[in-house]
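I'll drop the sequence and a predicted model, then ask my questions.
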Amino acid sequence: MSGFFKNDPKIRVVIAHSSQNSALYLRKIVESKPQLRVIAVTVSADELVEICRDGNPQLVIMNQRLADCNNVLDTSLIMDLAVPVILFTGHSYDELWKEAMQRGARYVLLEPINSKELHANITQIINSTAAVTLPAPEPQKTDGALIAVCGAKGGSGCSVTAVNLAIALQADHKKTALIDLAFDTGDDHILLNLMPQQTIVSLCNEPELDQETIIYNSAEHSSGMRFFRAPDYIGEAMQIHAEDLRRILVEMSEHFDYIIADIGYPNNSLALTALERADAVLLLMSLNITSIGRATKMLRFFNENQIPQEKIFIVNTEFNNNKQFKPRHLENYTGKQIFAAIPANESVVEESIINGMPFILNKKRESVSKAIFDIAHKLAARR
């Protein structure tokens, strides 16, 4: 049985160094130990604090000088991180080392980096961590949140949003699944550069659903997120019944923290099944007359099918940068406040699609990525 659902036994490490080359070298040293996993590399003190707050690392390896901090010993940074710190410095005098230890550094090492010395210190930290770590509990069934992503019309950016949102939630150490229910367009596998043999139809054909069959009929993305592919052609999708999908979504909710359902334009009974079960519905629309007109019809459709209005969240997408109205006009038309906005960045999005590399992974500092992370944080906070 796959170990995907078991607690990660590896010690999570963050590397902070003013030199990117040194940071990469440190990463190689750290990842040569199978007990360790590098969760982030940064050159910034501010970003280091944010990473430690969100990523819950168990070890930080850092340089005395960072890009936005000339001397970390002039601050309370090490103490504030509240995790074991191995500090590298270019100075060898005793007073500095003493001050570093007083400020919370577990070990102080002299640059240039000595891999054997670093390994020795890491080993001591591993041993001390293992001594106080309780055995990992058996995996518990969860009560996962289903988030449906749909568009007021075709071309709203549902697939791009759903794929990147799923990875953003997974990056926050949440077990996340992406299920492609946009049967007429179903191209999430292209955006992820994945070509799994099994599809949702394969899952429907399983006589019984459990953790093992869920894993077997999905593909694991490099981010750790699990992906459930849409059928190859629309005729195959017609084999899926609403009860099949309901059964799948119920089982998935017991094994994942979040299930992102890419619905696209909801025009069939299976889409309605997902919407009915959804804990949140992200309705994507642009600031143009066509999108807004379709959105009002969509909200009426939700109301007629008893999808509670409080579950529906308007997301203003500007992927095509074709703005004809202001956000307040959108709110006036729909009668709902905008939950989030995704700015236009055509070059980043196009490159992401062409390369099969979600921009949330390699373009984290771009405004479009920050918007996706913001949506992920908002959804997590509401939950």
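Structure received. Just so it is clear, the model here is predicted, and its values are computed rather than measured.

any chance you could map the helices in the stretch 101-250 of the chain?
Along the stretch 101-250 of the chain, counting by DSSP state H, counting those that start in this stretch, helices occupy 115-132, 158-171, 188-192, 200-204, 211-216, 234-237, 242-253.

most packed of those?
Burial of those is given as mean neighbour count (mean count of other C-beta atoms under 10 Å); helix 158-171 ranks first at a mean of 27. C-beta here means a position set from N, CA and C on the backbone, and glycine is covered the same way.

quick one: low-confidence ranges for the stretch 151-300 of the chain?
Regions of the stretch 151-300 of the chain meeting the criterion pLDDT under 70 cover residues 154, 185-186.

Mark out where each domain of the chain begins and ends.
Per the record, the chain has its domains at 11-132, 145-382, by automatic domain parsing.

Now do the buried residues in stretch 284-303.
Going by neighbour count (16 or more other C-beta atoms under 10 Å), the buried part of stretch 284-303 is L284, M285, S286, L287, N288, S291, I292, R294, A295, M298, L299, F302.

separation between the fourth one and K370?
In other words, L287. 20 Å (C-beta to C-beta, to the nearest Å).

what do you get for the last one?
F302 is 29 Å from K370, where distance means C-beta to C-beta.

same question, the second one
Applying C-beta to C-beta, the value for M285 to K370 is 20 Å.

before we move on, what about the first one?
Spatial separation of L284 from K370 under the definition C-beta to C-beta is 17 Å.

still on that earlier bit, highest mean neighbour count out of the domains of the chain?
Ranked by mean neighbour count, the domains of the chain are led by domain 145-382 with a mean of 19 (mean count of other C-beta under 10 Å).

The spatially most central residue of the chain - nearest residue in space that isn't next to it in sequence?
With distances taken as C-alpha atoms, centre = their mean, the chain has A168 as the residue nearest its mean C-alpha position (1.9 Å). Distances taken as C-beta to C-beta, 6 or more residues apart in numbering place A376 nearest to A168, at 4.0 Å, with adjacent residues excluded.

Quick check, pLDDT for the one you found.
Model confidence at A376, given as pLDDT, is 92.

Surely it and D172 touch.
Yes. Assessed by C-beta atoms under 8 Å, A376 is found in contact with D172 at 6.5 Å.

How much space separates C52 from I39?
Distance of C52 to I39, given as C-beta to C-beta: 10 Å.

So for these two, which residues contact both of them?
Shared contacts of C52 and I39, defined by C-beta atoms under 8 Å, 6 or more residues apart in numbering, are found at V14.

my read: A177 touches A219, true?
No. Using C-beta under 8 Å, A177 makes no contact with A219, being 10.7 Å away.

Between these two, which contacts overlap?
R226, F227.

can you pull the contacts of F227?
By C-beta under 8 Å, 6+ apart, the contact list for F227 reads 177-180, 188-189, 192, 194, 196, 218-221.

Distance to I263 for the helices of the stretch 101-250 of the chain - can I get that in a markdown table?
Below are those laid out as a markdown table (distance: least, C-beta to C-beta, whole Å):
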| stretch | distance to I263 |
| --- | --- |
| helix 115-132 | 43 |
| helix 158-171 | 7 |
| helix 188-192 | 11 |
| helix 200-204 | 13 |
| helix 211-216 | 20 |
| helix 234-237 | 13 |
| helix 242-253 | 11 |
